[in-house]
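Engineer: I'd like to go over a predicted model; first the sequence, then the structure.
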Amino acid sequence: MVNKSRTYQLGNRAVRRMGYGAMQLAGPGVFGPPKDRSAALAVLREAVESGVNHIDTSDFYGPHVTNELIREALHPYPSDLVIVTKISARRGKDGAWIPALSREELTQAVHDNLRNLKLDVLEVVNLRSMLNVHHPAEGSLEAPLTVLADLQRQGLVRHIGLSNVTPTQVEAGRRLCEIVCVQNFYNVAHRDDDKLIDTLGAQGIAYVPFFPLGGFTPLQSSTLSNVAARLGVTPMQVALAWLIHRAPNLLLIPGTASVAHLRENLVADQLTLSPDILSELDGIATERH
Ligand SMILES: NC(=O)c1ccc[n+]([C@@H]2O[C@H](COP(=O)([O-])OP(=O)(O)OC[C@H]3O[C@@H](n4cnc5c(N)ncnc54)[C@H](OP(=O)(O)O)[C@@H]3O)[C@@H](O)[C@H]2O)c1
């Protein structure tokens, strides 16, 4: 069971800090159907039964696959469940990630998410920058963000977030519309956004680290393993607990296609790490990986 007393504001909903990211439920390369559909549905149902009320997804996972699984497993949705999606890409026939940022493509993406999730309004939509597919790159997001703000005014989108962005883009975005969250690559070993996290915290904006466990190649660190052994928990639980301790505005969305891993991950927010352990873990970012 996740810790229900640990919450942070996401738009106008308080969500529990331990959430779930659905990307790993699609097939290999986040393309096509899951290898075990009933296991994927079981993961989603168990996440919500365990108290998760924040699920991250996108219609370009599969494409359509994770949204269809979420709908099948969980619709009609519990009233407190916040499903966050993202737009800005489409998938090629070979699984390629292709930028899709025209007004027509963004509008289509919002409607695809609404249909496949069976929702009338999307609670939070992240505009994911595709200026560089792999990491944040400077450049204007004004045109696509203006489209998303128009879709918000039409009542199709309740709140807007940004993903794969720089601090400059967050500031520019906030001048165009309210930004309720930023979703970037961050974990105990990859800490480019340390300063941004603190800035957003002071502004009451949630920061949602993607790849909290390292992504497709989960984190490997002797420090993580040593701390985990001393505490009698797993390295992945320590990595998640470190994020919970890092700042109150961090919302976690670890991904897994395994019920066993899900159970392991969801209890990580019950762990208390001492100041000595936290400073030991702070050293991981400067280790060689
Ligand atoms: N905005 C963006 O650009 C962006 C990019 C990437 C991801 N995301 C979002 O962020 C979420 C989280 O990222 P992610 O799922 O890619 O990466 P992640 O949470 O860092 O790690 C997932 C990987 O760790 C493994 N894993 C999970 N729990 C484990 C455990 N307890 N022990 C050992 N291995 C474990 C998973 O494999 P198993 O399935 O075998 O457990 C999977 O290979 C995604 O689901 C997605 O919603 C957003």
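Structural biologist: Done, it's in. Numbering: from 1, shown residues only.
Engineer: every contact and neighbour count from this point should use C-alpha atoms.
Structural biologist: Will do.
Engineer: residues of this protein that sit close to the ligand?
Structural biologist: 21-24, 56-57, 163-164, 183, 210-216, 218, 236, 253-258, 261, 264-265 (CA under 6 Å from any ligand atom).
Engineer: let's see which of the residues you listed end up in strands.
Structural biologist: Judged by DSSP state E, the subset of the residues of the chain next to the ligand located in strands is Gly21, Asp56, Ser163, Gln183, Phe210.
Engineer: pLDDT below threshold where in the chain?
Structural biologist: Counting by pLDDT under 70, the chain contains low-confidence ranges at 288-289.
Engineer: sorry, back to before: buried subset of the residues of the chain next to the ligand?
Structural biologist: Neighbour counting with 16 or more other CA atoms under 10 Å marks 21-24, 56-57, 163-164, 183, 210-214, 236, 253-258, 265 as buried within those.
Engineer: the ones in strands among the residues of the chain next to the ligand: which two are farthest apart?
Structural biologist: Gly21 and Ser163 (14.2 Å; CA to CA).
Engineer: just to check, Ala285 is in contact with Val188?
Structural biologist: Yes. Using CA atoms under 8 Å, Ala285 makes contact with Val188 at a distance of 6.4 Å.
Engineer: who has more neighbours out of those two?
Structural biologist: Higher neighbour count among Ala285 and Val188: Val188, with 23 against 15, using other CA atoms under 10 Å.
Engineer: wait, the more buried one touches Glu280, no?
Structural biologist: No. Applying CA under 8 Å as the test, Val188 and Glu280 come out as separate, 11.0 Å apart.
Engineer: how many residues are close by Pro167?
Structural biologist: 17.
Engineer: phi and psi next, for His159.
Structural biologist: phi -140, psi 160 (degrees, to the nearest 10).
Engineer: so what's the nearest residue to it once chain neighbours are set aside bridging to?
Structural biologist: Counting by CA to CA, 6 or more residues apart in numbering, Val124 is the residue found nearest to His159 once chain neighbours are left out, at 4.6 Å. Applying DSSP bridges to Val124 gives these bridge partners: Val84, His159.
Engineer: make 8 the first number, not 1, from now on.
Structural biologist: OK, 8 is where the count begins now, so the last one is Val131.
Engineer: now the phi/psi pair for the nearest residue to Val89 once chain neighbours are set aside, please.
Structural biologist: Sequence neighbours aside, His61 is the residue nearest to Val89 in space, at 4.8 Å (criterion: CA to CA, 6+ apart). Dihedral angles of His61 (phi, psi; degrees, to the nearest 10) stand at phi -140, psi 110.
Engineer: from what I can see His61 touches Gly26, true?
Structural biologist: Yes. Between His61 and Gly26 there is a contact at 4.9 Å, judged by CA under 8 Å.
Engineer: between these two, which contacts overlap?
Structural biologist: With contacts defined as CA atoms under 8 Å, 6 or more residues apart in numbering, the residues shared by His61 and Gly26 are Ile260.
Engineer: so how far is Pro70 from the residue nearest to Cys184 when sequence neighbours are not counted?
Structural biologist: Once flanking residues are discounted, Cys184 sits nearest to Ala156: 6.7 Å by CA to CA, 6+ apart. With distances taken as CA to CA, to the nearest Å, Ala156 is found 24 Å from Pro70.
Engineer: kindly report the same for Ala144.
Structural biologist: Taken as CA to CA, the span from Ala144 to Pro70 is 25 Å.
Engineer: higher neighbour count, those two?
Structural biologist: Pro70 (20 against 15).
Engineer: from memory the more buried one sits against Gly39, does it?
Structural biologist: Yes. Taking CA under 8 Å as the definition, Pro70 is a contact partner of Gly39 at 6.9 Å.
Engineer: which stretches of the stretch 58-207 of the chain form strands?
Structural biologist: For the stretch 58-207 of the chain, the strands defined by DSSP state E, counting those that start in this stretch cover 61-63, 89-94, 96-98, 104-106, 129-135, 164-170, 186-192.
Engineer: the last one pairs with which strands?
Structural biologist: The pairing partners recorded for strand 186-192 under DSSP bridges are strand 164-170 (parallel), strand 213-217 (parallel).
Engineer: got the CA positions of that strand in CSV?
Structural biologist: Coordinates of each C-alpha in strand 186-192 appear next as CSV, following Å, rounded to 0.1, in the frame of the first residue of the first chain:
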residue,chain,number,x,y,z
ILE,A,186,2.1,25.1,-16.1
VAL,A,187,1.3,22.6,-13.3
CYS,A,188,4.1,20.1,-13.8
VAL,A,189,7.4,19.4,-15.5
GLN,A,190,8.4,15.9,-16.5
ASN,A,191,12.1,15.4,-17.2
PHE,A,192,14.8,12.7,-17.0
